[in-house]
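Colleague: The following comprises the amino acid sequence and a computationally predicted model.
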Amino acid sequence: MGIEVKEIVSKKILTEAKGYLDVGFTHSLNPYSGCAFSCKYCYVREMPIQKFKEIPWGEWLNIKLNAAENYRKEMVKVRNKQGSLNIFMSSATDPYQPIERKALITRSILEAMIEYPPDLLQIQTRSPLITRDVDLLIKLKEKCKVIVSMTIETDWDEIRKLFAPYSPGIHLRLRALEELRSKGIFTQASISPVLPFTPEFPKVLGNIADTIWIDTLNIGDGAKGKRSDRLGMPQLFEEHGLSKWYREDIHERVAKYFKKFFPCDKIRISKYDAFPT
Ligand code: SF4
C-alpha cells in the first residue's frame, strides 16, 4: 500500500480533551495526522479529518514538523491558564508511525517534555519502535507520570491480520512492553478494542503490564457503536464466524475472565473506570 507523505507546519499541537478523553486527560497530542497502520476498525475513518478526504485512510500522512516547538509554546500558556497538563498521545494517529524512524517528531516532543514536563503523559501506541526512546522515557518519568499503553487487542496474530493487517505483529508489541517494564516504565496493555483471543491471553500478558485496559468497538468508537457499524464491523465479525465476540457487554465478560488471573485493581474497563492512574 503506497502512502502520500506531506510535511506540514501546524498551528497547534495540543487539543483540549473532550468526549472519551475527558476522564482525567486535559489534552490530546497528535504528532502526525493520518496513520500508516490503517486498522479496519479505526474510528478516525469516520471522523471529519478523513470523512471529507478523497485519499483513503492509511494512504496519507502529514508530518507535523513544528510539533516540539508548538508544544513548548502551548504548554507555557496552558500552565499560566489552568495549571495541570495531562496528555494523551495520540488519539487520532499512532505517535510511532514507521516514518518516525527518520522523522523523529515524537522523539523531539519527548525531548521538549523533559525540558517542560506535563503532569501526566500517556503514550498510546501499537509500535515496538517506542523502545528506541526508552532513554528519554526514563528521564521523563523522573519529572512526571509516564504511562506507556501498548494496544494488544488479541494474542492471536491471525485475528490481528484480519482486522489490522498493516500493524506490527503481536509478539513484537509484547516484547516491546516487556522491555519497557524491565526498564522501570509503567506499562499498560490496552485490549482495545477487544478482538477474539485465545484462552491463553491473560497468561501471555503475564508480568508485562502494570494495568490492563479493556475497551470495545461499541464504547471506544466514541459514538456508541455507530461508527463501528458504519465501518462494517458487525459484518466482518459475522463473515468469519466471530459474532459472539461482537456484543455490547463483551468488555464485562472479558474483565470477568481476566480477573481470574489478575488482581481486580489491575483491570480497568472503559466507560466505568476510564482514567488509568
Ligand atoms: S493505529 Fe490507531 S489511529 Fe492508526 S489506524 Fe490503527 S486505530 Fe487508527
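Modeller: Okay, I see it.

Colleague: Could you use CA atoms for every contact and neighbour count after this?
Modeller: OK.

Colleague: Run a quick neighbour tally on A189.
Modeller: Burial of A189 is recorded as 25 neighbouring residues (other Cα atoms under 10 Å).

Colleague: Name the SS class of it, please.
Modeller: Here A189 takes the strand state, with states given by DSSP: H, G, I helix; E, B strand; the rest coil.

Colleague: That one and S149 touch, don't they?
Modeller: Yes: applying Cα atoms under 8 Å, one finds A189 in contact with S149, separated by 5.7 Å.

Colleague: Show me what residue of the stretch 51-200 of the chain gets nearest to the ligand.
Modeller: T93 (3.7 Å; Cα to the nearest ligand atom).

Colleague: That residue touches S33, doesn't it?
Modeller: Yes: T93 sits in contact with S33 when judged by Cα under 8 Å, with a separation of 6.0 Å.

Colleague: more neighbours, those two?
Modeller: Taking other Cα under 10 Å, T93 and S33 do not tie; T93 has more neighbours (23 against 20).

Colleague: Surely I105 touches P31?
Modeller: Yes: with contacts counted by Cα under 8 Å, I105 reaches P31, the gap being 6.5 Å.

Colleague: These two: who's more crowded?
Modeller: Between I105 and P31, counted using other Cα under 10 Å, the more crowded position is P31 (31 against 23).

Colleague: Tell me the confidence at G2?
Modeller: With respect to pLDDT, G2 scores 89.

Colleague: Run through the residues that contact it.
Modeller: Contact analysis of G2 by Cα atoms under 8 Å, 6 or more residues apart in numbering lists E59.

Colleague: And for the one 5 residues further on?
Modeller: Listed by Cα under 8 Å, 6+ apart, the contact partners of E7 are 62-65.

Colleague: cool, and S33?
Modeller: With Cα under 8 Å, 6+ apart, S33 has these contacts: 61-64, 92-93.

Colleague: could the residues you listed go into TSV alongside secondary structure and pLDDT?
Modeller: Formatted as TSV, the contacts of S33 follow (DSSP: H, G, I helix; E, B strand; the rest coil; pLDDT from 0 to 100):
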residue	secondary structure	pLDDT
L61	strand	98
N62	strand	98
I63	strand	98
K64	strand	98
A92	coil	96
T93	coil	98
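
Colleague: Any chance of those residues in JSON lines with distance to L217 as columns?
Modeller: Output for those, formatted as JSON lines (distance: Cα to Cα, whole Å):
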{"residue": "L61", "distance to L217": "24"}
{"residue": "N62", "distance to L217": "26"}
{"residue": "I63", "distance to L217": "28"}
{"residue": "K64", "distance to L217": "29"}
{"residue": "A92", "distance to L217": "15"}
{"residue": "T93", "distance to L217": "17"}
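
Colleague: Looking at those, which is nearest L231?
Modeller: Relative to L231, the closest of these is A92; by Cα to Cα it sits at 16.2 Å.

Colleague: I'd guess K40 is in a helix, am I close?
Modeller: No: under three-state DSSP, K40 falls outside any helix and is assigned coil.

Colleague: quick one, what contacts it?
Modeller: With Cα under 8 Å, 6+ apart, K40 has these contacts: 163-164, 231.

Colleague: returning to that earlier point: if any of the contacts of S33 are buried, put those into a PyMOL selection.
Modeller: Here is the PyMOL command that picks out the buried ones among the contacts of S33, judged by 16 or more other Cα atoms under 10 Å:
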select buried, resi 61+62+63+64+92+93
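
Colleague: Considering the contacts of S33, which is situated nearest to G19?
Modeller: A92 (13.2 Å).

Colleague: what about the closest residue to that closest one other than its chain neighbours, distance to the ligand?
Modeller: Nearest residue to A92, sequence neighbours excluded (Cα to Cα, 6 or more residues apart in numbering): V44, at 6.1 Å. Distance of V44 to the ligand, computed by Cα to the nearest ligand atom, to the nearest Å: 6 Å.
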